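Trainee: Output the structure for:
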Amino acid sequence: LRGSKSFTAVLPGETERNGHGLAYKSVSVGHLEAAPLSPSRLSLGRASSTATSTVPPEQGRPRDYLVLAIFSCFCPVWPINIVALVFSIMSRNSGQQGDLDGARRLGRMARLLSIVSIVLGTIIIVLYISLSVR
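Mentor: I've put the predicted structure just below:
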């Protein structure tokens, strides 16, 4: 027979709470409340784990690519570069709160969106100039 993983404890102020007059509260070990590991665990992509990562953790503060995101806002692909700017600001906030993994992930997304915005903006500008010269 397997043993149970639950226990009971006397809690002050718990009498008559469930209508049975019991001064005990039964709790399973698997259902104990724990603090979340990361307060800003907003994930728009695949979350990485430090336990399964083969790359050694980087030292120092992760980059947020804010300057690149601001530069990309001058390209004519505004929905993409505004989202890149938001990801960059979220990365900076996560880094300041101590969530280095989230800051790295959001920073990489900001860098990717900024580069896509700059490339697409350059293509649009070149096409506009070449078609207007004709």
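Trainee: tell me which strands and helices the host helix or strand of residue 131 is in contact with?
Mentor: Assigned by DSSP states H and E, residue 131 belongs to helix 100-133. Where contact means 3 or more C-beta pairs under 8 Å, 6 or more residues apart in numbering; DSSP states H and E, helix 100-133 is packed against helix 66-72, helix 78-97. All C-beta atoms are positioned from the backbone trio N, CA, C, and that covers glycine.
Trainee: Run the angle between the longest one and helix 100-133 for me.
Mentor: To tie it back to what came earlier, the one meant is helix 78-97. Here helix 78-97 points in a direction 160 degrees away from that of helix 100-133 (axes from the mean of the first three to the mean of the last three C-alpha atoms, to 10 degrees).
Trainee: helices or strands up against helix 78-97?
Mentor: In terms of contacts (3+ C-beta pairs under 8 Å, 6+ apart), helix 78-97 is packed against helix 66-72, helix 100-133.
Trainee: Nice, that's everything, thank you.
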